[in-house]
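[1] model the following, please.
(one chain, ligands or ions: 1)
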Amino acid sequence: MQPKQSIVNLPVYQPGKPIEEVKRELGLTEVIKLASNENPFGSSDRAKAAIQDELANISIYPDSFSTTLTGLVADYLQVERNQIIFGAGSDEVILMLARAYLSPGDETIMADETFSQYKHNVVIEGAATVEVPLKNGTHDLPAMLAKITDRTKIIWICNPNNPTGTIVREDELADFVRQVPKNIIIALDEAYYEYVTDADYPNSLALLREHQNIIVLRTFSKIYGLASLRIGYGVAHADLIRHVNQVREPFNTTRFAQAAAAASITDLDFLNSCRQRNAEGRRYVCGQLARMGLSYFEAHGNFVMFDTKLPSQQVFDGLLRKGIISRARWAHYPTYIRITVGSQEQNESFIHALEEVLQEAAVRG
Ligand SMILES: *Cc1c(COP(=O)(O)O)cnc(C)c1O
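    Predicted coordinates:
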């Protein structure tokens, strides 16, 4: 048996290490996972109540069109109902976009480093990835523009960028969008949208009203704290959404995910509290890194990527032995670590552990 050619060299996704596994392997009782940008404050109580209510319907297929949720999100974003599509996480919206629009011979442009799922899905469809190095950790939009050819189908902009946390600003994005030919899709991945507090962050939905080739990707996995339920969405012009809908599995999101997302979208108190606590935690972590003389990329999401000035695997292992799961191993950033901003207590534990790890390394020379 031979799989299709495009996946022969495709790696299996390596997720952040699970807490239970680390406890078992290292004999630790306390482990803090700061590896996957999950919400340290959990999720809205309304979401949990909605799931309880939905338990009675566990044997019934979910609503294929997520009708109730679509209405709520459309009203929340002030777009039409036919401009939204839901996926099993925005990961699945990325998959559907690639499936609907990419064929062998097509090209797509993305940053290097950026979120791994663009390349993953592009490769599966047999299309080519054109990767443009980040400039100071930020998307280099002029360099990306210069890579456009007759074959370009999709340009991926991760904003804030995962793993660096930097943003593309309103002016430069608007300028970029004006220069991209109308037949090329611009996928704006805003998984961390709700965490951004910078006034120059683009209003992508306003851009979308003017440009029919934009799709905005958002998720309930991050600030809404529903990562385990797998639900995210895309917002775009109705024609684009219709094409993505054509490749969607009939029951791609569950009843529990739809109900919890519907309950969460209206809980602005939870949202605002998480945004504020994250901004405070982000400021604390960055301040501590600066105190330790470590440089970091300007952080706009719920994570910070910083330079340990040591091989990142060494620091990763050191932190792990102290019960902190971080993220490392980016090809272009061999000395960098990415950590999620946690609760204040978690952030303090992380900083304490990091100081110890770096001191131990200094002693050993
Ligand atoms: C987490 C993340 C996603 C998607 O997460 P889902 O759980 O699939 O919704 C998408 N893009 C980026 C950049 C992310 O970090």
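
[2] next, count neighbours for Val193.
    In this structure residue 193 is Tyr, not Val. As a burial measure, Tyr193 scores 21 neighbours (other C-beta atoms under 10 Å). C-beta coordinates here come from the backbone N, C-alpha and C atoms, glycine included.

[3] could you check the pLDDT of it?
    Listed pLDDT for Tyr193 reads 98.

[4] ok, it - contacts?
    Ser204, Arg218 (C-beta atoms under 8 Å, 6 or more residues apart in numbering).

[5] can I get stretch 335-342 in CSV, CA atoms only?
    The C-alpha trace of stretch 335-342 is given here as CSV (Å, rounded to 0.1, in the frame of the first residue of the first chain):
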residue,chain,number,x,y,z
THR,A,335,17.7,29.6,21.1
TYR,A,336,14.1,30.7,21.6
ILE,A,337,11.3,29.4,23.8
ARG,A,338,7.6,30.2,23.6
ILE,A,339,5.6,30.2,26.7
THR,A,340,1.9,30.8,27.3
VAL,A,341,1.0,33.6,29.7
GLY,A,342,-0.6,31.8,32.6
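
[6] separation between the residue in the stretch 1-150 of the chain positioned nearest to the ligand and Tyr233?
    Across the stretch 1-150 of the chain, no residue is closer to the ligand than Gly89, which sits at 2.3 Å (C-beta to the nearest ligand atom). From Gly89 over to Tyr233 the distance is 10 Å, taken as C-beta to C-beta, to the nearest Å.

[7] which positions in this protein make contact with the ligand?
    37, 89-91, 115, 158, 162, 189, 191, 219, 221-222, 227, 232 (C-beta under 6 Å from any ligand atom).

[8] export the residues you listed to a markdown table and append columns for secondary structure and neighbour count.
    Formatted as a markdown table, the residues of the chain next to the ligand follow (DSSP: H, G, I helix; E, B strand; the rest coil; neighbours: other C-beta atoms under 10 Å):
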| residue | secondary structure | neighbour count |
| --- | --- | --- |
| Asn37 | coil | 24 |
| Gly89 | coil | 25 |
| Ser90 | helix | 28 |
| Asp91 | helix | 21 |
| Phe115 | coil | 20 |
| Cys158 | strand | 26 |
| Asn162 | coil | 21 |
| Asp189 | strand | 28 |
| Ala191 | coil | 24 |
| Thr219 | strand | 25 |
| Ser221 | coil | 22 |
| Lys222 | coil | 27 |
| Ala227 | helix | 18 |
| Gly232 | strand | 28 |
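
[9] for these, work out which two are farthest apart.
    Cys158 and Ala227 (17.5 Å; C-beta to C-beta).

[10] now the residue of the stretch 251-365 of the chain at minimum distance from the ligand. Nearest residue, chain neighbours left out?
    Taking C-beta to the nearest ligand atom as the measure, the stretch 251-365 of the chain has Gly301 as its residue closest to the ligand, at 7.8 Å. What sits nearest to Gly301 in space, not counting adjacent residues and going by C-beta to C-beta, 6 or more residues apart in numbering, is Tyr192, at 3.4 Å.

[11] so the one you found is in contact with Ala299, correct?
    No. Using C-beta atoms under 8 Å, Tyr192 is not in contact with Ala299; the gap is 9.9 Å.

[12] distance check, Asn213 against the ligand.
    The gap separating Asn213 from the ligand is 20 Å, by C-beta to the nearest ligand atom, to the nearest Å.
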